[in-house]
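*Asks:* please find the sequence and the predicted model below.
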Amino acid sequence: MLDGAVVVFDGVAGVEPQSETNWRYADDYKVPRVCFINKLDRLGASFERSFQSILARLSPDAVKLQIPDGHEDQFKGIIDLLKMKYYSFEGGKGEKVIEGEIPPHLLEEAKKERAVSVERIVEQDDKAMADYLEGKEPDLDTLRRIVREATIENKIFPVLCGSALKNKGVQLVLDAVAYYLPSPLDIPPAKVTVQKTGEAKTVSPDDNAPFAALAFKTATDPFVGALTFFRVYSGKLASGSYVLNTRSGQQERISRIVRLHANQREEIKEVFAGNIAATVGLKDTRTGDTLCDPDNAVLLEGIDVPEPVISLRIEPKTKADQEKMSLSLKKLSDEDPTFRIRGDEETGETIISGMGELHLEIIVDRMKREFGVNVNTGRPQVAYKETISAEAQAEGKYVRQSGGRGQYGHVWLRVEPLERGAGYEFVNAVKGGAIPLEFISPTEKGVKEALEKGVVAGFPMVDVKVTLYDGSYHEVDSSEIAFKIAGAMALQEAAKRAKPILLEPIMKVEVITPEPSLGETTGDIASRRGQILNIADRSPLNLKVIDSLVPLSDMFGYATSLRSLTEGRGTFNMEFDHYEPVPNNVAQLIIEGKK
């Protein structure tokens, strides 16, 4: 959703490990940034030290546009190096911004700092550089134009300073957002797919174009209910109008539009291209859905939702929590498409699944904080799967005779392994009417149900081709239920003969570690059955990036281990990559644990 970002740093600590993580995310998505060194009124604050940490650990392209007058309790004001003006902030909350001349005792330092910054800025523009070398000083408009162009291209990162708590410098940061960060017209237009024709095209941020927006977040607000945040890519939207949800094909009425501020909402009548707003009470709109003009159905690039890879058993602590638990889980799963809920038919337990330990910990914490639901949780479970590694066939015969009409179902099935990730395929190859057509579908239902519970350790079976090729029926006794049971029996028997194996989720893990900790980090990955694919430099930060594939079952508690190996500076992110057969010694432990 972001066209630009303001990265906030602590004036005492400078660049922290989390700052590095977020900076890398912005690098990956090429988001232009403005830096704000905050908390200069805190004990131990140093603008220069924080600025040097940005240069050393994030980017050598950071350029000072301001310097502070004093630190800690002596922090009085800010010098703007481009305008060469002094700003002080008066009033109870620093709301009066007073522009004045730079005090004589600070003038020399300001001139020196300005010369360095102006030199870095004019390097980005050949004409300005030529003029500068000839002794012509660039004017304020030229400098701002060059800074804006270079910031949008991620060639420089302007650095500002202040104290947000006392509202000193915040007003100048907002000005900098307007001066230097891109407007929707400065970035490439959004790509869409026309729903009727499948044609790919772009939509421009024009208020008069057909409406197209992406719902990028849904949240439950205790006062107004379901809030859907959306970013408008083209056109405009007025309250009271109807929009089409391209995924569901349903029209939704926009009853209210609100502009979100930090802790309050402002009701507005209209929202225009390029803006972010929220609406209340949409019935069937989820994260990643496209909302558009009903007469111009288009699909914006959605949000990739990976499959959950870790599960947790969850139960309410008291009878009172029982009802609230299902309600809170429903609301949380509506907000977060990577969070899933299901019931275990065997044990009657509720299972929640997500992207990692921390993800599920936060879900449980939010249930307590936001919904007042106390729950007990079981051990995290890895989402193992089963498959077969050979071809086999088996007979399923279900015959029951009790007084009156009996039950008769008889099928022959052949099972074959498919390539990894292919899923499940059912083929009807019955010839000569050996099984009437009306019993084919129940047989497939039985097969599908049997695939849900594998023969090795009861995990779902995947990547299997099932061919129904023969069988028999009885004129009177055959029924749909009999063929469904026969299909399940045949599948279980065939799977046992087809060399069944366990599969485990393999995660693609990217670890970023300081160079001195590289040896310990790679050794730790190897001890977790990890396969290291690549080690790259992340210059100029003196960091190493390790790309590896590691089984999820060995990644529990990794965040704590990595922190202790790297003095708190190492970070990692992981996402599901593929399923792979489990080694025999590990498979034995899983089977015993399951039983």
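*Replies:* Nice, thanks for sending it over. Numbers count the residues shown, from 1 in each chain.

*Asks:* just the helices in the stretch 51-200 of the chain please.
*Replies:* Ranges of helices within the stretch 51-200 of the chain are 104-122, 126-133, 140-152, 170-180, based on DSSP state H, counting those that start in this stretch.

*Asks:* check which residues of the first one are buried.
*Replies:* By that I understand helix 104-122. By neighbour count with 16 or more other CB atoms under 10 Å, helix 104-122 contains the buried residues 110, 113-114, 117-118, 120-122. Glycine gets a C-beta too; all of them are placed from N, C-alpha and C.

*Asks:* hang on, the earlier thing: please convert the helices of the stretch 51-200 of the chain to CSV, extending it with mean pLDDT and distance to Ile351.
*Replies:* What follows is these, written out as CSV (pLDDT from 0 to 100; distance: least, CB to CB, whole Å):
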stretch, mean pLDDT, distance to Ile351
helix 104-122, 94, 56
helix 126-133, 92, 62
helix 140-152, 95, 47
helix 170-180, 95, 44
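
*Asks:* need those helices in JSON lines (columns: distance to Lys93).
*Replies:* Formatted as JSON lines, these follow (distance: least, CB to CB, whole Å):
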{"stretch": "helix 104-122", "distance to Lys93": "25"}
{"stretch": "helix 126-133", "distance to Lys93": "39"}
{"stretch": "helix 140-152", "distance to Lys93": "28"}
{"stretch": "helix 170-180", "distance to Lys93": "10"}
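
*Asks:* ok, which of those comes nearest Lys431?
*Replies:* Closest to Lys431 of the helices of the stretch 51-200 of the chain is helix 140-152 (CB to CB; 67.0 Å).

*Asks:* right, and the helices of the stretch 51-200 of the chain - which one's nearest Ile352?
*Replies:* helix 170-180 (39.1 Å).

*Asks:* run the angle between that closest one and helix 140-152 for me.
*Replies:* In terms of direction (axes from the mean of the first three to the mean of the last three CA atoms, to 10 degrees), helix 170-180 departs from helix 140-152 by 80 degrees.

*Asks:* can you pull the buried residues of the longest strand seen in the chain?
*Replies:* Criterion DSSP state E: the longest strand present in the chain is strand 500-514. For strand 500-514, burial by neighbour count (16+ other CB under 10 Å) applies to 500-507, 509-514.

*Asks:* can I get those in TSV with pLDDT and distance to Ser333?
*Replies:* As requested, the buried residues of strand 500-514 are exported to TSV (pLDDT from 0 to 100; distance: CB to CB, whole Å):
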residue	pLDDT	distance to Ser333
Pro500	91	32
Ile501	91	32
Leu502	91	28
Leu503	91	26
Glu504	90	25
Pro505	89	20
Ile506	90	26
Met507	89	22
Val509	89	26
Glu510	86	27
Val511	89	30
Ile512	86	31
Thr513	89	34
Pro514	88	38
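
*Asks:* can you lay out these as TSV showing distance to Pro551?
*Replies:* As requested, these are exported to TSV (distance: CB to CB, whole Å):
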residue	distance to Pro551
Pro500	19
Ile501	15
Leu502	11
Leu503	11
Glu504	5
Pro505	7
Ile506	6
Met507	7
Val509	10
Glu510	16
Val511	15
Ile512	21
Thr513	20
Pro514	26
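
*Asks:* just these now: which is nearest Arg144?
*Replies:* Distances from Arg144 to those, taken as CB to CB, are shortest for Ile512 (34.6 Å).

*Asks:* quick one: that closest one from Asn573, how far?
*Replies:* Ile512 sits 9 Å away from Asn573, going by CB to CB, to the nearest Å.

*Asks:* ok, Asn245 next?
*Replies:* For Asn245, the distance to Asn573 - CB to CB - is 31 Å.

*Asks:* more neighbours: those two, which one.
*Replies:* Asn245 (21 against 14; other CB atoms under 10 Å).

*Asks:* partner residues bridging that one?
*Replies:* Leu291 (DSSP bridges).

*Asks:* if I pick it, what's in contact with it?
*Replies:* By CB atoms under 8 Å, 6 or more residues apart in numbering, the contact set of Asn245 is 251-252, 284-285, 289-291.

*Asks:* between those residues, which is closest to Ile79?
*Replies:* Leu291 (46.1 Å).

*Asks:* can you classify Ile352 by secondary structure?
*Replies:* Under DSSP: H, G, I helix; E, B strand; the rest coil, the three-state class of Ile352 is strand.

*Asks:* that one touches Met325, doesn't it?
*Replies:* No: using CB atoms under 8 Å, Ile352 makes no contact with Met325, being 10.3 Å away.

*Asks:* which neighbours do the two share?
*Replies:* Residues touching both Ile352 and Met325 (CB under 8 Å, 6+ apart) are Ile314.

*Asks:* so which of those two has more stuff around it?
*Replies:* Neighbours were counted for Ile352 and for Met325 using other CB under 10 Å; Ile352 has more, 24 against 20.

*Asks:* got the contact list for that one?
*Replies:* Shown in contact with Ile352 (CB under 8 Å, 6+ apart): 311-312, 314, 329, 339-341, 360, 363.

*Asks:* ok so, going back, tell me the one of the buried residues of strand 500-514 nearest Gly396?
*Replies:* The closest of those to Gly396 turns out to be Pro500 (CB to CB; 17.0 Å).

*Asks:* beta partners of the closest one?
*Replies:* The partner residues for Pro500, given DSSP bridges, come to Ile388.

*Asks:* identify the residues contacting it.
*Replies:* Contacts of Pro500 (CB under 8 Å, 6+ apart): 386-389, 454-456, 461.

*Asks:* what is the burial count for Gln66?
*Replies:* 25.

*Asks:* same question for Lys445.
*Replies:* Using other CB under 10 Å, Lys445 is surrounded by 16 other residues.

*Asks:* could I get the pLDDT score of the closest residue to it other than its chain neighbours?
*Replies:* In space, and not counting its chain neighbours, Lys445 is closest to Lys484: 5.4 Å by CB to CB, 6 or more residues apart in numbering. Per-residue pLDDT puts Lys484 at 91.

*Asks:* is it true that Lys484 touches Ser441?
*Replies:* No: judged on CB under 8 Å, Lys484 makes no contact with Ser441 at a distance of 9.2 Å.

*Asks:* I'd guessed Leu58 sits against Thr21; true?
*Replies:* No: assessed by CB under 8 Å, Leu58 is found out of contact with Thr21, at 11.0 Å.

*Asks:* who has more neighbours out of these two?
*Replies:* Using other CB under 10 Å as the criterion, Leu58 and Thr21 rank with Leu58 on top: 25 against 13.

*Asks:* Ala383 is in contact with Ser553, correct?
*Replies:* No: the criterion here is CB under 8 Å, and Ser553 misses it with Ala383 at 10.2 Å.
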